[in-house]
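Visitor: give me a 3D structure for the following:
(chains A and B)
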Amino acid sequence: MAATRIYVPRETAAISVGADEVAIAIARHAKESGEKIEIIRNGSWGATWLEPMVEVVVDDKRIAYGNIEPADIPDLFKSGLLTGGKHAKRVGPTDEIPYLINQDRWTFWRCGLIDPLSIDDFTAHQGFTAVSKAFKSGPQPVIDMIKTSGLRGRGGAAFPAGIKWQTVADTDAEQKYITCNADEGDSGTFSDRILMESDPLALIEGMMIAGFAVGASRGYIYLRAEYPLTYSILMRAIVAAREAGWLGNDIQGSGFDFDVDVHLGAGSYVCGEETAMLESLEGKAGVVRYRPPLPAIEGLFGKPTIVNNVITLASVPNIVNLGGEKYAAYGVNRSTGTLAFQLAGNIKRGGLVEKAFGLTLREIIEDWGGGTASGRPIRAVQVGGPLGAYIPEDQLDTPLDYEAFLDIGAMLGHGGIVVFDDTVDMAQQARFAMEFCAIESCGKCTPCRIGSVRGVEIIDRMIADENRDENHELLLELCDTMEHASLCAMGGLTPLPVRSVLKYFAEDFAPSQEPQK
Amino acid sequence: MTTQPYDKQVASDIIAGFNARPEMLVQVLVAFVERFGWITDAAIRQLAAELNLSRADVHGVVSYYHDFRTSPPGKHVVKICEAEACQSMGSRELSKHAQKSLGVAMHESNDDVTLEPVYCLGNCACSPAIMVDGKTFGRVSTNRFDEIVASMDETR
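Guide: Residues are numbered from 1 along each chain as shown, chains lettered A, B, ... in the order given. Model (predicted):
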C-alpha cells in the first residue's frame, strides 16, 4: 500500500503555534503504529485561525483538521486520521472550507496547495508557463498586458505597475535592476510572508518576467530580518530554480540571463520606503533619497530600477497566463484585480483573504473574520498599517477600494486590517503613532525627526489634560507641517492615524473629563 | 544563542565571503551579529580597513540599524512585538509581565537574557507574538510566555 500523504505547513504562523511539533508527533506515532505515511511540508492556505492545520489525502481529496496540538495525535489516529475519520477537530475537505473557496485566489492560488520547494510540483501547477510565454511574445507585449490589467503597486502606494515598467524599459542603460521590496514592516500585514513561504517560485517567476520585460538581468529581494524562516525558504527555492535551469544564463535556451539574490534588512522600518531600501541594498544606512530622480530612471547604484512589492510581482505570472483583461475584470473603478487582505489583531478568524476589490470592510471583518476574538464590540479598525487611519465602527461599510478609502481620509495600503475592541484607549494609539515615527524616522528631514518627538509630547500633555484645546490646535498644526514638509510617507502619513483619533475618538483624551462640546 | 567571541580571522573570512565589497556592508554586519552576537569596536576598525571605508562610514551604518547592537546581549534574546495588531491583543500587558518575570527592563540585558521590543513579526493573525532566539511564537498569553521562557535553556 502506498504511503498516506499528510500535509503539515512549514510557515511562520503555523510553526509559531506548534506545526513543527505536530509534524514530529505525527511521524513518531505513525512509526510506532507501523503506518506508512509521507509528510509534506506545504505552505499555508492562509486560514491562520485554523493553524496548525493538518491535511490528509484520502482518495485524492484533502481532508483538513484544524488547531491540531501534538497531544491530539494519538486520539486523531484512533479516530482514523489516515482515512479522514470523524473527530472534533475535523474541518472537512479543504476544497469545501467557505473561508477559502469564497475568495478570488489569483495570486495565492498555489499557496497551501503545493510543496513550495518542489520545482516539479510548481511546474505541475502551471509554474514557469508565464515566463515561457513571455519569451515567445517579446518584452513589449508583456508590459502592455500589465498596463491592461490595471495592476497597481501592492506595497501601499498603488502606483500603476505598467507605467513603472515602461519607464524602466524606455530608459537606456547597460545595467538595470529588478528589486523586490519584501520589507513587510506594517503591523497587520503578512501577505508577502505567506506568499514567499508558500509559493516562493511564483515571486521568482514574476521577477524574471519583469526582468525580461524591461531588460534587467539582476534581481534583488530585500527581505526583513524578522522573517528568518522566509529567508531559508527563499534561498532554497532560488537554489532549486538555478539547478533546474530557471535562473542563470540563457534560461531554458531563451538567451535571457537573470539571477536573484536575497539581501536582509536589519530591523529598520523606513527601509520599506523604496529609496531607503535602495540605500540599504547599496550597503548604506537606510536614509531616504530626494526624488527626483525616480528609481525607475536612477535607482540602485544609479541604474534604472524597478521597485515592486512581493504581491505585485507575484501577481504577474497569472496576468501573463490569463491576460490583462481577465485581471482587470476583477475589482471596481480604478482598483482593478484582487488584494490580499489580512485580518489581524483582535479578530476571531484571522488570516489572509484574497478578494476582488469592492466588498466592504464590514463584510470582510464579519463574513470572514467573524468579529472580534474577545467577543466584545468593535471600536476601531486600523487599515493600511501604522500609517493608516483608525476607522470608527460607523464607517465600516466603506468599500475596499483605494479611492473610496482616500475619500474618507483613510488609506487601504497593503491591505492589513487590524481590529480593536471597545477596551482600546485611542489616545494611547495616537501617541503610539507619533512614538513609532520617532523610533523609526531615518532622521533626514526635520518634520519627521523632530515633529514626531514633539507630537508625543503634545499628546502626553493632552492626556494629562493640560491646556487641552490649545494643545489640540497645536497638534493639528504639527500634523499639517509633517504632512506637507516630510520627504517620505513616514513623516507624511503619521498624521493620518493621529488625525483620525482626534476626529472620531477625541473623548479618549483626558477620560476623567466630560467630552468637550 | 550560538555565537562565538569576536575573532579577527573568522571576521576576515566572513568579509572575504562577500568578496570584500563595500556595498555588502549591511550584509556583512548581519553576518557578524549572527556569528558574534554584537558589533565590537574592533569589528568596526576591521570592517573599515578591509572594505576600504572610513570608520565613520561603518559607524554610521552600525548605529543606524536597530539590529546592529554594540553591546553584548544576554544568552537569550527575547523580543516582544509591540506593534498595533499585538497591542489589540494585550501586548502592553505582556511586555509588563515579561519585564517583571525576566527581571530586566525593555532594551536591557542581564547575563541570561536581553529583552527588546520589535515592531511587527508578521504574525499578526496570531497576536500577541514574540520571538525567542530567532524563533517566532504566536498566541502568547502570559502563561504561555512563562512556559516558552522556561524551555529556553532546553531548546538551545
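Visitor: now do the residue in the stretch 301-450 of chain A that chain B sits nearest to, the pLDDT please.
Guide: Going by C-beta to the nearest C-beta, chain B is nearest to A:G350 of the stretch 301-450 of chain A, at 3.0 Å. All C-beta spots, glycine's among them, are computed from the backbone N, C-alpha and C. Note on A:G350: pLDDT of 98.
Visitor: phi, psi for it please.
Guide: Dihedral angles of A:G350 (phi, psi; degrees, to the nearest 10) stand at phi -70, psi 150.
Visitor: do the same with B:K135
Guide: phi -110, psi 130.
Visitor: give the contact list for the residue nearest to the spatial centre of chain B.
Guide: Centroid-nearest residue in chain B, with C-alpha atoms, centre = their mean: B:D67, separated by 5.4 Å. By C-beta atoms under 8 Å, 6 or more residues apart in numbering or on different chains, the residues touching B:D67 are A:225, A:266-267, B:30, B:33.
Visitor: so which of those sit within helices?
Guide: Using DSSP state H, the members of these that fall within helices are B:30, B:33.
Visitor: okay, the contacts of B:D67 in CSV with pLDDT, neighbour count and distance to B:V149 next?
Guide: Putting the contacts of B:D67 into CSV (pLDDT from 0 to 100; neighbours: other C-beta atoms under 10 Å in any protein chain shown; distance: C-beta to C-beta, whole Å) gives the following:
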residue, pLDDT, neighbour count, distance to B:V149
A:A225, 97, 21, 22
A:A266, 98, 21, 25
A:G267, 95, 21, 22
B:V30, 98, 19, 26
B:V33, 97, 21, 22
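Visitor: A:L201: which of the contacts of B:D67 is nearest?
Guide: Proximity of the contacts of B:D67 to A:L201 (C-beta to C-beta) peaks at A:A225, which lies at 22.7 Å.
Visitor: ok, B:Y64 touching A:E279?
Guide: No - using C-beta atoms under 8 Å as the test, B:Y64 is too far from A:E279 to be in contact (9.7 Å).
Visitor: now do the shared contacts for those two.
Guide: What both B:Y64 and A:E279 touch, as defined by C-beta under 8 Å, 6+ apart, is the set A:285-287.
Visitor: list the buried residues for stretch A:444-458?
Guide: The neighbour-count check on stretch A:444-458 (16 or more other C-beta atoms under 10 Å in any protein chain shown) flags A:444-445, A:447-452, A:454-456, A:458 as buried.
Visitor: which ones are touching the closest residue to chain B within the stretch 51-200 of chain A?
Guide: Closest approach between the stretch 51-200 of chain A and chain B, counting by C-beta to the nearest C-beta: A:S187, at 3.4 Å. If you count contacts by C-beta under 8 Å, 6+ apart, A:S187 has them with A:344, A:385-386, A:416, A:418, B:83-86, B:119-120, B:124.
Visitor: ok, what's across the strand from B:V113?
Guide: B:H76 (DSSP bridges).
Visitor: and it, what pLDDT?
Guide: pLDDT, B:V113: 96.
Visitor: just checking, it touches B:K79?
Guide: No - using C-beta under 8 Å, B:V113 is not in contact with B:K79, being 11.0 Å away.
Visitor: let me know the pLDDT of A:L278.
Guide: 98.
Visitor: mind listing the strands in the stretch 101-250 of chain A by residue range?
Guide: Secondary structure of the stretch 101-250 of chain A (DSSP state E, counting those that start in this stretch): strands at A:177-182, A:218-223.
Visitor: wait, I meant chain B
Guide: B:76-81, B:108-109, B:113-118, B:130-132, B:135-137 (DSSP state E).
Visitor: tell me which of these lies nearest to A:E440.
Guide: Short answer: strand B:113-118, nearest of these by C-beta to C-beta, at 11.7 Å.
Visitor: buried residues in stretch A:282-290?
Guide: A:282-289.
Visitor: same check on stretch A:396-412?
Guide: A:396, A:398-402, A:404-405, A:410-412.
Visitor: out of the residues you listed, flag the one nearest to A:I311.
Guide: For these, the nearest to A:I311 is A:L412 (13.0 Å; C-beta to C-beta).
Visitor: quickly find the element holding the residue nearest to A:N467 when sequence neighbours are not counted.
Guide: Of all residues not flanking A:N467 in the chain, A:R461 sits nearest, at 7.0 Å (C-beta to C-beta, 6 or more residues apart in numbering or on different chains). Assessed by DSSP states H and E, A:R461 sits inside helix A:446-463.
Visitor: now what about the next helix-or-strand element following that helix, what contacts it?
Guide: Following helix A:446-463 in sequence order, the next helix or strand is helix A:468-485 (DSSP H and E). With contacts defined as C-beta under 8 Å, 6+ apart, helix A:468-485 is touched by A:445-448, A:451-452, A:454-455, A:458-459, A:461-462, A:491-495, A:498-499, A:502, A:506, A:509-510, A:513, A:516.
Visitor: what comes up buried for helix A:468-485?
Guide: Buried, per 16+ other C-beta under 10 Å, within helix A:468-485: A:468, A:471, A:474-475, A:478-479, A:481-483.
Visitor: now do A:A88: how many residues are near it, please.
Guide: A:A88 has 10 neighbours, counted by other C-beta atoms under 10 Å in any protein chain shown.
Visitor: part of a helix, is it?
Guide: No - read with DSSP: H, G, I helix; E, B strand; the rest coil, A:A88 is coil and lies in no helix.
Visitor: residue contacts, residue 20?
Guide: In the absence of a named chain, this looks at chain A. A:R10.
Visitor: hmm, I had chain B in mind actually
Guide: B:A20 is in contact with B:50-52, counting by C-beta under 8 Å, 6+ apart.
Visitor: over to A:I204?
Guide: Counting by C-beta under 8 Å, 6+ apart, A:I204 has contacts A:237-238, A:241, A:246-247, A:260.
Visitor: in helices, which of those residues appear?
Guide: Those of the contacts of A:I204 lying in helices (DSSP H): A:237-238, A:241.
Visitor: just these now: which is nearest chain B?
Guide: Checking the ones in helices among the contacts of A:I204 one by one against chain B (C-beta to the nearest C-beta), the nearest turns out to be A:I238, at 15.4 Å.
Visitor: ok, and the closest non-adjacent residue to that closest one?
Guide: Nearest one to A:I238, counting by C-beta to C-beta, 6+ apart, is A:V260 at 5.6 Å.
Visitor: which strand residues bridge the one you found?
Guide: Under the criterion used (DSSP bridges), A:V260 bridges to A:G219.
Visitor: hmm, back to that, redo the buried residues of stretch A:444-458 as TSV? Include distance to A:G85 and pLDDT.
Guide: Below are these laid out as TSV (distance: C-beta to C-beta, whole Å; pLDDT from 0 to 100):
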residue	distance to A:G85	pLDDT
A:K444	61	97
A:C445	62	97
A:P447	62	97
A:C448	58	98
A:R449	61	98
A:I450	64	98
A:G451	61	98
A:S452	57	98
A:R454	63	98
A:G455	58	98
A:V456	57	98
A:I458	61	98
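Visitor: which among those residues gets closest to A:I391?
Guide: Distances from A:I391 to these, taken as C-beta to C-beta, are shortest for A:G455 (20.7 Å).
Visitor: show me what from the stretch 401-517 of chain A comes close to chain B.
Guide: Within the stretch 401-517 of chain A, the residues that sit near chain B (C-beta under 8 Å from any C-beta of the partner chain) are A:416, A:418-421, A:424, A:429, A:432, A:436, A:439-440, A:442.
Visitor: between these, which has the most around it?
Guide: A:V418 (33 neighbours).
Visitor: name the SS class of that residue, please.
Guide: Under three-state DSSP, A:V418 comes out as strand.
Visitor: B:E84 is in contact with that one, correct?
Guide: Yes - assessed by C-beta under 8 Å, A:V418 is found in contact with B:E84 at 5.1 Å.
Visitor: give me the common contacts of these two.
Guide: A:187-188, A:345, A:382.
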